[in-house]
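J.: Show me the folded form of this:
(one chain, ligands or ions: 1)
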Amino acid sequence: MKTKYLIIGNSVAGVYCIEAIREVDRKGRITVVSDENIINYSRPLISYYLGGRVTKEEMAFRDKEFYQENGVQLILNRKVAKLLVEEKKVELSGGEEIEFEKLLISCGGEPILPPIEGIEKVKEGLFTFTRLEEVDRLIDYIQANKIEEVTVLGAGLIGLKCTEGLLERGLRVNIIELADRILANTFDQEASLILENALSRKNCQVRKEDTIVRVEEKKGRINKVILRSGETLSTSLLVIAVGVRPSLGLVESTPIRCNRGVLVNDFMQTNIKNIYAAGDMTEAKDFLLQKKSVIAIWPTAARQGKIAGYNMAGKKKRYNGLFIMNSVELVGVPTISFGITNPPDPENFEILSRKNEEENYYRKIILKDNKIVGAIFMGKIERAGIFSGLIREKLDVSSFKDDLLSDDFGLLVLPAEYRKHMVKGEGFTE
Ligand SMILES: Cc1cc2nc3c(=O)[nH]c(=O)nc-3n(C[C@H](O)[C@H](O)[C@H](O)COP(=O)(O)OP(=O)(O)OC[C@H]3O[C@@H](n4cnc5c(N)ncnc54)[C@H](O)[C@@H]3O)c2cc1C
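T.: Reported below is the predicted structural model:
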């Protein structure tokens with residue numbers, strides 16, 4: 001089979017790529033291959049699905065008609081097993097070949113499995129938390145075995161979202177986290193503590209600066225976890241959520257250049273002319289650090305997929321880089337964070353903050369040379385989006401710095417010229 005555009009992965013980057021291609025080229029054949037067996041779904045919602053808050057149908061971010069309307073041939077439940085760069089073709093599991101003119105690789109990330117003594121003997125009760133089909137298996141296991149208590153290794157975004165889903169199902173959760181705080185990548189001590197206190201009020205206990213060094217099984221089923229601190233926890237269910245890394249299996253034996261992720265230029269093009277990459281598997285420009293990094297979040301995958309699509313279809317568009325940002329409500333506490341939130345050398349930054357622990361309220365703004373480079377909001381997060389714009393625009397905030405922490409801070413405080421620019425939408429375009 002031959003196609004003009006081949007997309008591997010039918011998730012955020014893949015879908016945005018389709019949309020961009022179709023803006024430029026209404027006719028060229030698009031083929032998408034996914035090893036998952038579902039039209040599409042919002043991965044961040046798998047915790048809501050676990051908690052019973054949404055159905056599979058409600059998780060789709062594009063409906064069935066989307067593929068038909070855009071003339072896309074969607075091949076589900078098939079893995080691209082081999083990429084033959086020179087021949088410009090791929091081999092699917094089962095042997096079929098697809099030749100392409102332009103290729104987008106958007107295989108996303110895969111869960112990291114840390115080395116734990118005894119883990120290879122566990123055949124039941126061990127899960128990761130990144131795919132919908134896994135959540136189905138997890139729910140079945142919980143129900144079939146009447147599980148009441150779960151151990152979660154890792155208190156990053158994925159571990160905490162999984163925890164929230166488990167709590168909503170009425171389970172007790174023990175979290176084990178290696179760092180000295182939860183959500184250590186995006187939160188500082190104060191923000192983490194507010195969230196940890198909220199978790200402890202909900203049947204969840206967090207053990208920090210600890211990890212699992214050994215597990216024991218009984219007839220193949222997980223039975224005990226032994227912590228570095230010496231503590232032993234009995235458990236019939238362990239979820240490992242210590243992070244994801246770019247899924248590089250397909251490109252490893254090809255000439256496509258990789259570092260932590262697949263390296264791309266500002267047009268999302270790899271070192272091979274007709275091959276592009278986008279999303280969680282990609283190492284692309286980082287707006288704040290001005291170097292390449294993997295930023296495994298939805299907005300990055302969407303933007304990169306779109307830029308890749310334009311360039312694949314012949315419309316030159318540059319990716320100007322994004323920065324880490326996360327908006328998530330955990331155990332009833334809405335939070336949002338952007339950019340550099342916990343600078344390793346705080347003496348080189350100006351930090352403004354306000355806190356009210358009883359109200360789960362915290363606000364922190366990080367400035368460098370009078371420009372905002374990061375922010376954390378907890379509790380009241382309305383209008384936080386303006387801060388993302390201010391970071392992108394690198395606006396000098398010295399004239400309204402005193403207002404930044406105020407709950408009333410909004411567009412009206414900003415200089416008139418900038419307001420006009422934002423209202424016209426220019427503040428968010430690239
Ligand atoms: C539990 C959880 C919560 C999250 N919460 C947030 C959040 O609150 N905010 C946020 O911004 N981000 C969040 N994320 C991250 C966000 O979901 C990802 O950044 C986004 O899904 C990345 O999109 P992608 O297209 O790069 O890859 P993915 O969504 O990972 O999709 C890649 C697809 O490619 C398929 N694939 C891989 N290899 C092959 C192959 N060889 N052949 C065929 N198909 C293949 C995979 O099966 C998958 O379907 C969360 C992620 C998880 C797991």
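J.: from here on, contacts and neighbour counts on C-alpha atoms
T.: Noted.
J.: quick one, strands of the stretch 1-150 of the chain?
T.: Taking DSSP state E, counting those that start in this stretch, the strands of the stretch 1-150 of the chain run over residues 2-8, 30-33, 72-75, 80-84, 89-92, 97-105, 109-111, 126-127, 149-153.
J.: Identify whichever of the ones you listed lies nearest to Gly385.
T.: Of all the strands of the stretch 1-150 of the chain, it is strand 109-111 that lies closest to Gly385, at 26.7 Å by C-alpha to C-alpha.
J.: so what strands line up beside that closest one?
T.: Listed by DSSP bridges, the sheet partners of strand 109-111 and their directions read strand 244-246 (antiparallel).
J.: now the strand it pairs with: mean pLDDT?
T.: In this model, strand 244-246 carries a mean pLDDT of 97.
J.: Repeat that for stretch 153-168.
T.: For stretch 153-168, the per-residue pLDDT averages 96.
J.: Let's see stretch 162-181 as CSV, backbone CA atoms only.
T.: Provided in CSV are the C-alpha atoms of stretch 162-181 (Å, rounded to 0.1, in the frame of the first residue of the first chain):
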residue,chain,number,x,y,z
CYS,A,162,-4.0,7.4,39.4
THR,A,163,-4.2,7.9,43.2
GLU,A,164,-7.1,10.2,42.7
GLY,A,165,-9.0,7.7,40.6
LEU,A,166,-8.3,4.9,43.1
LEU,A,167,-9.6,7.2,46.0
GLU,A,168,-12.7,7.9,44.0
ARG,A,169,-13.3,4.2,43.8
GLY,A,170,-13.2,4.1,47.6
LEU,A,171,-9.8,2.4,47.9
ARG,A,172,-7.1,3.4,50.4
VAL,A,173,-3.7,4.4,48.9
ASN,A,174,-0.2,4.3,50.1
ILE,A,175,2.1,6.4,48.0
ILE,A,176,5.9,6.0,48.0
GLU,A,177,8.0,8.8,46.6
LEU,A,178,11.7,9.1,46.3
ALA,A,179,11.9,12.9,46.4
ASP,A,180,11.3,15.0,49.5
ARG,A,181,7.9,16.2,48.2
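J.: Could you see whether the ligand lies near it?
T.: No: residues of stretch 162-181 are not located near the ligand by C-alpha under 6 Å from any ligand atom, the shortest gap being 6.6 Å.
J.: Could you give me the buried positions within that stretch?
T.: Neighbour-count burial for stretch 162-181 flags 162-169, 171-179, 181 (criterion: 16 or more other C-alpha atoms under 10 Å).
J.: next one: stretch 33-42
T.: For stretch 33-42, the buried set under the neighbour-count rule, 16+ other C-alpha under 10 Å, comprises Val33, Ser34, Asp35, Glu36, Ile39, Asn40, Tyr41, Ser42.
J.: near the ligand, which of those show up?
T.: Contacts with the ligand within the buried residues of stretch 33-42, as defined by C-alpha under 6 Å from any ligand atom: Val33, Ser34, Asp35, Glu36.
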